[in-house]
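[1] Got a predicted structure plus its sequence, pasted below:
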Amino acid sequence: MKIGFLGGAREVGRIGIAVKTEKTQVLLDYGVMLNNEPGFPMHVPPKEVDGLILTHSHLDHSGALPIYYIEGKKPLYTNKLNLELSQLLIQDFIHLSSYYLPFEYLELKTMLRSNKHLDFGVEENLGDMRFQLLNAGHTPGSASVLIEAEGKRVLYTSDFNIIDSQLLAGASMDYGDLDVVIMESTYANEEHTERRALEKRFVESVTEVVEKGGTVLVPAFGVGRSQEMACILAAYHFEYPVVLDGMAREASRIIMNYKEFLRDPKLFMNAMHSVDWVESWRDRRKALKSPGVIISTAGMLKGGPAAFYVSKLGKKANNAIFLVSYQIPGTPGKELLEKGICTIDGKLRKIKARYEHFDFSSHCGASQLKEALRRLGGKPKVFVVHGAEKNCELFAGWAKNELGLEAMAPKTGDAFEV
């Protein structure tokens, strides 16, 4: 069996992995790198690909998939929740970046029609391969992939989390003996704050601002993080108004149809019924008039309604901007955290509102990555991907030195026989 790394090696973004046996080749994810111009993984000619497996909807995993639907239809294996959330994100991506893309809405439609829905734990055959999707605990519907072929068992974790959140159950890592593990390392050099302590501090901070007459903006990713923040406020019986704006509304509507992927569907539905949904500019202005919480995309303040809210709320010291998503260097959110400034109406302005970052991550921190690898059966060969700033090499080194495993951080273009 051959494993090829097409992207996402020693970097975060544009992940694509090719797994090839004598008779069959599948691609695991095929994402984009979201710079000023989108970056793509290495290409594999469509005629050489028998199927594609999508682990979750985030664009660094899904954004380049429509390339395989420019001509013909390849089966795409994922669950319907992932598919619908991917449609939402890729549609928006085409809308914003179509000038740079080799595909349009038509290819996205073909991709959606090519879906073969696969529930967690159900085995699927393709050529001489057998595979299944298993809960990854990262976003609603997110999966790890377990492949069995030519007497080998290969696990691709994709993005995963072993910690339960208010929204999702963590990944179990109970997969039996494995021969190969392809594992993410996004936070190999960083610990996350303990979840419950972080939730408590967040709710207390929000309550403090609102009780003093301020409004809190919570910029959050539309898929996963926005819904989790609403669930946290509901779980802690937050009594003040909460509004939901941006892509988070549409994503929440989709997730409401797939409650079986959630840890506590009742809490989720309570949270969704207790928030006000912003449907118009009138609602947006109304949300600013009384103390409360506004959960809105974009998570890094790069556009979306959040940019409008910052321009209004940032001027007053009694308001707050609580960032709860990862902030990429160079984004307005990172600029706010580092320098206390934000571009408002085209001008750089000092933000008077309180601002803070709460580390709500849907990835494993360093300790959880180590714990996850320890939990796996067998003595698998480890390929570490999806990490920046030496994180892939760092984690591969740890696996080798501490667990005695054969581990490496492949480069883009590398291919290995296993």
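    Great, that's in hand. Numbering: from 1, shown residues only.

[2] Residue 319 and residue 276, how far apart?
    Residue 319 is 18 Å from residue 276, where distance means CB to CB, to the nearest Å. The way it works is simple: take the backbone N, C-alpha and C, and place the C-beta from them, glycine included.

[3] if you count what's nearby, which of those two comes out ahead?
    Set side by side, residue 319 and residue 276 show more neighbours around residue 319, with 27 against 15, by other CB atoms under 10 Å.

[4] Could I get the full set of helices for the protein?
    For the chain, the helices defined by DSSP state H cover 59-62, 80-97, 105-113, 195-211, 225-235, 247-255, 265-274, 281-287, 304-313, 332-339, 366-375, 391-403.

[5] Quick check: which of these is nearest to residue 125?
    Closest to residue 125 of the helices of the chain, according to CB to CB: helix 80-97, at 20.0 Å.

[6] Specify the angle between the closest one and helix 105-113 in degrees.
    170 degrees (axes from the mean of the first three to the mean of the last three CA atoms, to 10 degrees).

[7] For helix 80-97, the averaged confidence score.
    What helix 80-97 shows for mean pLDDT is 95.

[8] And the contacts of it?
    If you take CB atoms under 8 Å, 6 or more residues apart in numbering as the criterion, helix 80-97 is touched by 32, 38, 54-59, 62-63, 65-66, 76, 78, 101, 103-105, 108, 112, 115, 117, 139-143, 222-223, 247, 250-251, 254-255, 257-258, 261.

[9] how about 6 Å then?
    38, 54, 56-57, 59, 62-63, 108, 112, 115, 117, 140-141, 223, 250, 254, 258, 261 (CB atoms under 6 Å, 6 or more residues apart in numbering).

[10] for the stretch 151-300 of the chain, what are the low-confidence residue spans?
    Across the stretch 151-300 of the chain, nothing is flagged by pLDDT under 70.

[11] Next up, phi/psi of the residue nearest in space to the middle of the chain, please.
    Of all residues in the chain, the one closest to the mean position by CA atoms, centre = their mean is residue 58, 4.9 Å from it. Per-residue torsions, residue 58: phi -60, psi 140 (degrees, to the nearest 10).

[12] how does this protein divide up, domain by domain?
    What automatic domain parsing lists as the domains of the chain is 2-190+362-417, 195-357.

[13] May I have the distance across the last one, first residue to last?
    From its first residue to its last, domain 195-357 covers 14 Å (CA to CA, to the nearest Å).

[14] now that domain: how far from the chain's centre is it?
    Relative to the chain's own centre, domain 195-357 is displaced by 17 Å; criterion: CA atoms, centre = their mean, to the nearest Å.
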